[in-house]
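Undergrad: Here's a sequence, model it:
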Amino acid sequence: MEKVTYEIVERTAIVTINNPPLNVLSKEVINRIYDIFQELETDDEAVSVILTGAGDKAFVAGADIKEFPEWMGQANFKEIVMDTHRMFNYIDDFPKPTIALLNGLTFGGGCELAMTCDIRVAEDQAQLGLPEIKLGLFPGGGGTQRLPRLVGEARAKEIMFTGEPITAHEAEQYGLVNHVVPTGQGMTYAQSLASKISDKSLQSLSRIKQAVNKGTELQLEKGIELEADLFDQVFQTEDIKEGVNAFFEKRKPQFTHR
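TA: Okay, here's the model as predicted:
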């Protein structure tokens, strides 16, 4: 049985991690996620992606701790860590909008994976946290970098220092989660949100993502220059012609993502 699968429904790819009982991130799962996202990048049928976990217990409850003993003392351990970052960074920079649907425990590497997505939707039974400190570790999948960017330095330090989980509603208040929905309604909500996104031009969507991701790392003047470069690019596309024509003709545009 494949531990990560996907299907495309109405221009949205639904990627499901199915590694029972808690969908932990083993090396096999990490490699399969990476392979699937590489496939989806060039799949013209998929404009957006929903990433979720199978079942109702966990999105991803963390890394596969059974793999930890073989890592201890390895001279090339940093290479192993950076190989995981390769997948996380790929999703972070993925040129299509991504939605993480958190349908249960979202701990450790699972929380770090969720933070690589553009939008996070949580069912109200979900819990989020970075409990690595309880093992004498600290978040090593980008948590120390992405969490402060989302919730602020002080809040991020408290979450990582204590290792205690937070509720979906707390995560929403902190800015870690965009929306909280009732248990069992997450996929319906995520698909509705993805549908609103997927009928837009991928030429524009990908440039919004690039402008925000890269621009927040720059001084404002440089960020504005980046935006202007991307704005210039989008004006050369077929989709802007279609969008403008549709506006004047009072009809819904039919974007071809070219």
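
Undergrad: Can I get the helix or strand hosting Asp239 in PDB, CA atoms only?
TA: Taking DSSP states H and E as the definition, Asp239 sits inside helix 238-248. This file holds the C-alpha atoms of helix 238-248, laid out as PDB (Å, rounded to 0.1, in the frame of the first residue of the first chain):
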ATOM      1  CA  GLU A 238      -2.300  35.100 -22.400                       C
ATOM      2  CA  ASP A 239      -4.300  35.000 -19.300                       C
ATOM      3  CA  ILE A 240      -4.300  38.700 -18.700                       C
ATOM      4  CA  LYS A 241      -5.700  39.200 -22.200                       C
ATOM      5  CA  GLU A 242      -8.400  36.700 -21.500                       C
ATOM      6  CA  GLY A 243      -9.200  38.300 -18.100                       C
ATOM      7  CA  VAL A 244      -9.500  41.800 -19.600                       C
ATOM      8  CA  ASN A 245     -11.600  40.600 -22.500                       C
ATOM      9  CA  ALA A 246     -13.900  38.700 -20.200                       C
ATOM     10  CA  PHE A 247     -14.300  41.900 -18.100                       C
ATOM     11  CA  PHE A 248     -15.400  44.000 -21.100                       C
END
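
Undergrad: Where do the domain boundaries of the protein fall?
TA: Using automatic domain parsing, the domain parsing of the chain gives 4-198, 202-248.

Undergrad: Would you mind giving these as a markdown table with mean pLDDT added?
TA: Listed next are these as a markdown table, based on pLDDT from 0 to 100:
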| stretch | mean pLDDT |
| --- | --- |
| domain 4-198 | 94 |
| domain 202-248 | 95 |
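
Undergrad: so which of those is the most packed in?
TA: Stretch with highest mean neighbour count among the domains of the chain: domain 4-198 (a mean of 18; mean count of other C-beta atoms under 10 Å). Quick note: C-beta positions are derived from backbone N, CA and C, even for glycine.

Undergrad: And that one, how far out from the chain middle?
TA: From the chain centre to the centre of domain 4-198 is a distance of 6 Å (C-alpha atoms, centre = their mean, to the nearest Å).

Undergrad: do the same with stretch 208-215
TA: Counting by C-alpha atoms, centre = their mean, stretch 208-215 comes out at 15 Å from the chain centroid.

Undergrad: Dihedrals phi and psi, Tyr174?
TA: With angles defined as degrees, to the nearest 10, Tyr174 shows backbone torsions of phi -80, psi -20.

Undergrad: Would you mind measuring from Val81 to Gln145?
TA: Here the criterion is C-beta to C-beta, to the nearest Å. By it, Val81 lies 13 Å from Gln145.

Undergrad: Lys27 too?
TA: The gap separating Lys27 from Gln145 is 22 Å, by C-beta to C-beta.
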